[in-house]
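In: could you look at this predicted model? Sequence included:
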Amino acid sequence: MGLTGGVALLAAFQIALAQDVVSQDAALTRQLPRTPVTLRVAPQRPDLVRYNRVEALSLGARIQARPATPLGPLSLTAISWLALADPYANGRLDVAHENLDRRIVLSGYRELAAIDESARHFGLANSLTAVLAGHDDGDYYLRSGATVEWTPMLARPRTFRLRVFAEYHEAVRNQTNFQLPRLWDDDASFRANIEADEVWEYGASLELARRWGTDARRTRGGTSAFIQAATGDVRYTRASLRGDVTFPLRARIAFSFEAEGGTSWGSPSTQRLWYVGGPMTLRAYWPRALGGGSFGRARAELGRSHSFARVVLFTDMAWAGERSDLDPGDALYSAGLGFALIDDILRLDGSWQLRSPHWFRIDLYFDQIL
């Protein structure tokens, strides 16, 4: 065998060895479990785009991984926000473990928060009305801390939510006045944000909820209860109870009623007081029209379904203040006409204040029960 033959034999041996290594790596890769990873960025999902008077336009990015661990499969979710005007860092990391009975989530965060989380002020509807009409109904503060949250698995209705938290709250201010009405009105501006207290809070909250009835031809409704207690720089306990019922009067006509009340004990911070005003509590009035340690509200609606929409006549009543100052004469009232489209997913309301100065307001929002 000459030199050329020896080189050829050596090359063939190296190729065979490389192929064997590649096949072994491929077999090992097939044996190792893969970790599914997904990345979503704005504007791929509507919940990663928002606009408000603190951040202006804010775009989010969310990455989620589901590794297999000795504890079972976990869900790791990290989300960050890049805001045009917000000088505050916004980020969150959630580690979730779920089985057939419950879902437990450990979270760490430094993020912009709304004082009324149930009102969905970071949703698409509030973002659109903020930039198009100058109506940003949210009031915001910055919170940093950690929580442990226990809920039913995601596939089941949320009948309870237990949350234990340690948080530091900071005040934030308006960072932008950009809105469409400023194109023709130089004086158009957003209302001032709430002046949140800077405090440490260590506490827990519990939410309980139940709904019954899914047939629109029969009576249906729901109840919910909430209690929260905290210590630290402030000490307080607050609780609320809400109920709603809808029952048909005749074909295509239904009457709905909702009532809610709550109070607090101790010395809650400004951001933990109760407020009424805005489409979720008192239509026709601006958010924080009234506020204090206690509140009560009610709303009634009479709706008729048509082929194009459901037309609704409604009235709201609400009061907020201190229990010692309770006076029914201080309550605020409104009435109006609404249109619910796409199986009540999209809602447009025009409402009038029944107390002076009798202003008129239009609200757009999504997925409202009543």
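Out: Perfect, thanks for sending it. Numbering: from 1, shown residues only.

In: where does the protein have low pLDDT?
Out: For the chain, the stretches flagged by pLDDT under 70 are 1-33, 367-370.

In: kindly report the domain assignment for it.
Out: Taking automatic domain parsing as the reference, the chain has its domains at 36-196, 244-370.

In: which parts of the stretch 1-150 of the chain are strands?
Out: Ranges of strands in the stretch 1-150 of the chain, per DSSP state E, counting those that start in this stretch, are 37-41, 49-52, 56-65, 68-69, 72-83, 91-98, 103-114, 140-151.

In: so which residue is smack in the middle of the chain?
Out: In the chain, the residue lying closest to the centroid (CA atoms, centre = their mean) is residue 120, at 4.2 Å.

In: which residue, other than its chain neighbours, is closest to residue 36?
Out: Spatial nearest neighbour of residue 36, excluding adjacent residues (CB to CB, 6 or more residues apart in numbering): residue 66 at 4.9 Å. Bear in mind the C-beta positions are built from the backbone N, C-alpha and C, glycine included.

In: residue 74 is in contact with that neighbour, correct?
Out: Yes - Residue 66 lies in contact with residue 74 (CB atoms under 8 Å); the separation is 6.9 Å.

In: nearest residue to residue 198 other than its sequence neighbours?
Out: residue 170 (5.3 Å).

In: quick check on the one you found: phi, psi?
Out: Dihedral pair for residue 170: phi -130, psi 150, per degrees, to the nearest 10.

In: just give me the neighbour total for it.
Out: Using other CB atoms under 10 Å, residue 170 is surrounded by 14 other residues.

In: beta-bridge partners for it, please?
Out: As for beta bridges, residue 170 partners with residue 142 under DSSP bridges.

In: dump the residue contacts of it.
Out: 141, 142, 143, 144, 196, 198 (CB atoms under 8 Å, 6 or more residues apart in numbering).

In: excluding sequence neighbours, find me the nearest residue to residue 130.
Out: Leaving aside its chain neighbours, residue 130 sits nearest to residue 136 (3.9 Å; criterion: CB to CB, 6+ apart).

In: just checking, that neighbour touches residue 52?
Out: Yes - using CB under 8 Å, residue 136 makes contact with residue 52 at a distance of 5.3 Å.

In: buried residues in the helix or strand containing residue 258?
Out: Using DSSP states H and E, the element containing residue 258 is strand 253-266. Under the neighbour-count criterion of 16 or more other CB atoms under 10 Å, strand 253-266 has 254, 256, 258, 260, 261, 262, 263, 264 buried.

In: need the residues you listed in JSON lines with distance to residue 366, can you?
Out: As requested, those are arranged in JSON lines below (distance: CB to CB, whole Å):
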{"residue": "254", "distance to residue 366": "20"}
{"residue": "256", "distance to residue 366": "17"}
{"residue": "258", "distance to residue 366": "17"}
{"residue": "260", "distance to residue 366": "20"}
{"residue": "261", "distance to residue 366": "25"}
{"residue": "262", "distance to residue 366": "24"}
{"residue": "263", "distance to residue 366": "30"}
{"residue": "264", "distance to residue 366": "29"}
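
In: same drill for residue 136 and residue 52, tell me which one is more crowded.
Out: Neighbour comparison, residue 136 and residue 52: the larger count goes to residue 52, with 28 against 24 (by other CB under 10 Å).

In: okay, that one and residue 190: tell me how far apart.
Out: Distance, residue 52 to residue 190, using CB to CB, to the nearest Å: 9 Å.

In: what does residue 88 give?
Out: 17 Å.

In: before we move on, back to that, measure the residue nearest to residue 130 to residue 128 for me?
Out: Counting by CB to CB, the gap from residue 136 to residue 128 is 11 Å.

In: same question for residue 259.
Out: Separation of residue 259 from residue 128 (CB to CB): 29 Å.

In: could you pull out the strands for the stretch 151-300 of the chain?
Out: Using DSSP E, counting those that start in this stretch, the strands of the stretch 151-300 of the chain run over 160-171, 199-212, 220-232, 236-250, 253-266, 274-276, 290-292, 294-305.

In: identify the residues contacting the last one?
Out: Meaning strand 294-305. 240, 252-264, 274-276, 281-283, 310-323, 326, 338, 340, 370.

In: can you rerun that using 6 Å?
Out: Applying CB atoms under 6 Å, 6 or more residues apart in numbering, the contact partners of strand 294-305 are 252-263, 274, 276, 281, 310-320, 323, 370.
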